[in-house]
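> Okay, sequence plus prediction incoming.
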Amino acid sequence: MNEKHLGSVRQTREKIGLSVLILIFLILLGMFVLYTVQSYSSLIPSNYTQSNFTQSNFTQSNLTPSNLTQSNVTQANFTQPNLTQSNITQSNLTQPNLTQSNITQSNLTPSNLTQSNVTQSNVTQANLTQPNLAQSNFIPSNETVYVDGYRSENFTCDGIDDQVEINQALEYVAENPQFTTVYLRGPNTYVISDSIFIGSKTTLAGDPTAVIKLKDKADWPVAKPLITQLDWRGVHGVTIKGFEIDGNHDNNEDKKKGLGYYNMIHFLNSRDIQVHDMYMHDGHGEGLKADRSYNIQFYNNNVYKLGHNGLFAISCQNAEAWNNTITCRTDSGLRATNSNHIKFHDNLIDSFYHWSAGGSAILIEKTAGTVNDVEIYNNTIHNTYGPGLWLIGWSKSYSRKEARNVHIYHNTFYSTGTNPNIDWVGGIITSGFYDTLIENNIFDGVYHAAVIHMYPTGTHIYPTYDDHPDLSPTGTGYTTIVRNNIIVNTQERKKDPEGTGYAVINYLPETQTFVLENNCLYNNSAGNYRNCTSTSDIYADPLFVNQNEHDYYLKPDSPCIGAGYTFPISSEESEEKIIKSIESEEKTIKSIEPEEKTIKSIIRALVSQMCKFLSVNTSE
């Protein structure tokens, strides 16, 4: 009886052991099959599949958002209802960032430009968002010191001279390294009668309903800012984010705009500065002014009717501004003077029709130093009072390497240059720079001309040629390459309209030269060229999907599709790229072979054990 019981137990254990071995075998086999499929499928080059780009697509002129076809841009990726195969076709000449609902004049009225409603739906598809900042965006921690107006917080303000408590909080953080942040609670308005001073490695943050406001009739001297550095020698690692600055312009009208009064934020000889997710409005001077500073980031801000520039970088290195919504007054939205390594991209900039409405949306200026690394791209610029973009080199003679290689691409300009009192209006005005490249932009209904070589006259900043010839661009060889752009419906300028309304104008043919390649020109009121010409431009309606609503996608039968400039690739270069691709694939295959051998050896050992186990049981 005991022997039978023991035999039954042994048989049960053997069955369980066999089942476990079979289960392990099946799991390993499944893993091996899945690993093999994934490994080999990853080796298939993307340019060998029907739904992806081929080698011929990868040229500078083809790599634009409009080069996407239905096979690789599905409706799931773009929820915009008008992004269909008919308007996302291969094109070398488009900048399809604009939609009907997000770039209209009605979306840019003063009442609509509040911090709470500058969202993705009313800016642009190209990441031009001013997010709705809520208190949940900031995670409180024990590294934070709080300022409030009515609660029992670390520092409590009463609406009078509130900079006193804010500065006490900032000084406390500066003296206690375990703290990093001063946080302004909202809803509350902090009225200041003196500057706020921030130290290194410090964040000044706040609720979107927290407002720093200049007092009425402040009567500050010139160059005294609302927020500035604690150490006059410079600071580093500073972040200002999340709240509102009210410049209180209308209650301080004894001071003039644009002359250095009441700048909102100013840093000198500083580095690693971030200003983002701010609402800055109704000021006398700059939003952020950075002098001789390094690594400046200005993004996700809503800037409305300041007294000068939204961002003004002077003699700075590595300054970047993106995703800002700016309405100009008095001067520019973004400005860089004698600064290098500049990137201004994905901004939405406009102005309004008034004598105080400002100059260009973007200004790049060289009077000293080196400016040879500037990129301006993916911006939407419209209804500016002055030119859309102003690129100017002036002062005494300088070498080629000091002012060159500005790249302006994938921007959209429409209805720029409405000022009736100046002649330097248009889409892009430039002089004094070498090897400027302007490509893949759209110009629609701009005043004067889309691209102009000229030296502005009659301004309070720049003297005329006749009065100061030593300050005008000297020498020859200033070249601007204009290619793969669409220029339509250019209008005569409002001041001295005679001789204007062309697509491209060169007022400086003795020193400045245009190279025009594969642009599409159509319905420009005065014609296509003045003092310049092209042998490769086309002259036809580009066939936008909905031009009236600034939807600049191309219809499938557009003559611009496939008509852009492409870089020629020699047969040797093509062969070399193919060889490198094959070598890379071979290395990848070799790298996975040892892993495959390891898995196979495990499976073989397992099968061998199973066979031995089965043979033993069979013999028994």
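Noted; the coordinates are in hand.
> can we go C-alpha only for contacts and neighbour counts from here?
Will do.
> Can you name the next helix or strand after the helix or strand hosting Ile245?
Per DSSP states H and E: Ile245 is located in strand 244-246. Once strand 244-246 ends, the next helix or strand along the chain (criterion: DSSP H and E) is strand 265-268.
> So which elements touch that following strand?
In this structure, strand 265-268 makes packing contacts with strand 227-229, strand 288-291, judged by 3 or more Cα pairs under 8 Å, 6 or more residues apart in numbering; DSSP states H and E.
> Can you tell me which of the ones you listed is nearest to Thr330?
Nearest to Thr330, of all the helices and strands packed on strand 265-268, is strand 288-291, at 15.1 Å by Cα to Cα.
> Could you tell me which strands that closest one is paired with, and in which direction each runs?
Note on strand 288-291: by DSSP bridges, its sheet partners are strand 265-268 (parallel), strand 311-314 (parallel).
> Adding mean pLDDT, distance to Ile364 and mean neighbour count, write these out as a markdown table.
Converted to a markdown table, those look like this (pLDDT from 0 to 100; distance: least, Cα to Cα, whole Å; neighbours: other Cα atoms under 10 Å):
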| stretch | mean pLDDT | distance to Ile364 | mean neighbour count |
| --- | --- | --- | --- |
| strand 265-268 | 98 | 19 | 22 |
| strand 311-314 | 97 | 10 | 24 |
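> contacting residues around stretch 155-163?
146-150, 165-166, 169, 189-196 (Cα atoms under 8 Å, 6 or more residues apart in numbering).
> Make a PyMOL selection of the buried ones in those.
Of those, the buried ones go into a single PyMOL selection, burial set by 16 or more other Cα atoms under 10 Å:
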select buried, resi 146+147+148+149+165+166+169+189+190+191+192+193+194+195+196
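> Which of the helices and strands packed on strand 265-268 sits closest to Gly369?
Nearest of those to Gly369, taken as Cα to Cα: strand 288-291 at 13.9 Å.
> Now do that closest one, average pLDDT.
Average pLDDT, strand 288-291: 97.
> Determine the set of other helices and strands touching the helix or strand that comes right after it.
Per DSSP H and E, the first helix or strand lying C-terminal to strand 288-291 is strand 294-299. Here strand 294-299 touches strand 271-276, strand 317-322, going by 3+ Cα pairs under 8 Å, 6+ apart.
> Tabulate the helices and strands packed on strand 265-268 (JSON lines), appending distance to Phe25.
Below are the helices and strands packed on strand 265-268 laid out as JSON lines (distance: least, Cα to Cα, whole Å):
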{"stretch": "strand 227-229", "distance to Phe25": "68"}
{"stretch": "strand 288-291", "distance to Phe25": "66"}
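> To Phe179, which of these lies closest?
Closest of the helices and strands packed on strand 265-268 to Phe179 is strand 227-229, at 17.6 Å (criterion: Cα to Cα).
> Kindly export the helix or strand following that closest one (C-alpha atoms) in CSV.
Counting by DSSP H and E, the next helix or strand C-terminal to strand 227-229 is strand 236-241. C-alpha atoms of strand 236-241 as CSV (Å, rounded to 0.1, in the frame of the first residue of the first chain):
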residue,chain,number,x,y,z
HIS,A,236,23.6,83.3,-13.1
GLY,A,237,21.0,80.6,-13.0
VAL,A,238,18.0,82.9,-12.7
THR,A,239,14.4,81.9,-13.8
ILE,A,240,11.4,84.3,-13.8
LYS,A,241,8.2,82.6,-14.7
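> who does strand 236-241 pair up with?
strand 202-206 (parallel), strand 271-276 (parallel).
> pLDDT on the longest one, on average?
Put plainly, it is strand 271-276. On average, strand 271-276 scores 98.
> okay, the angle between that strand and strand 294-299?
Orientation check (axes from the mean of the first three to the mean of the last three Cα atoms, to 10 degrees): strand 271-276 against strand 294-299 gives 10 degrees.
> before we move on, back to that, quick one, which of the contacts of stretch 155-163 has the minimum pLDDT?
Tyr150 (75).
> before we move on, back to that, quick one: which two of the contacts of stretch 155-163 are the most distant?
Taking Cα to Cα, the two most distant members of these are Tyr150 and Ser195; they sit 22.0 Å apart.
> Per-residue pLDDT of Ala449, please?
Ala449 is assigned 94 on the pLDDT scale.
> Quick check: phi and psi at it.
phi -170, psi 160 (degrees, to the nearest 10).
> Can you get me a residue count around it?
Counted with other Cα atoms under 10 Å, the neighbours of Ala449 add up to 37.
> List the contacts of it.
426-427, 490-492, 500-505.
> for Tyr539, same thing?
Contacts of Tyr539 (Cα under 8 Å, 6+ apart): 520-522.
> what bridges to the closest residue to it other than its chain neighbours?
Leaving aside its sequence neighbours, Tyr539 sits nearest to Leu521 (Cα to Cα, 6 or more residues apart in numbering; 4.9 Å). Beta-bridge pairing for Leu521 (DSSP bridges): Ile487.
> ok, Leu521 touching Val488?
Yes: counting by Cα atoms under 8 Å, Leu521 does reach Val488; the two are 5.8 Å apart.
> Next, show the common contact partners of these two.
Taking Cα under 8 Å, 6+ apart as the contact rule, Leu521 and Val488 both touch Ala503.
> As a check, name the ranges of all helices in this structure.
2-41, 163-175, 571-619 (DSSP state H).
> Can you tell me the strand partners of the strand holding Ile245 and which way each runs?
Here strand 244-246 is paired, per DSSP bridges, with strand 210-214 (parallel), strand 279-281 (parallel).
> would a markdown table of these with mean neighbour count and distance to Ile273 be doable?
Output for the strands paired with strand 244-246, formatted as a markdown table (neighbours: other Cα atoms under 10 Å; distance: least, Cα to Cα, whole Å):
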| stretch | mean neighbour count | distance to Ile273 |
| --- | --- | --- |
| strand 210-214 | 23 | 19 |
| strand 279-281 | 26 | 17 |
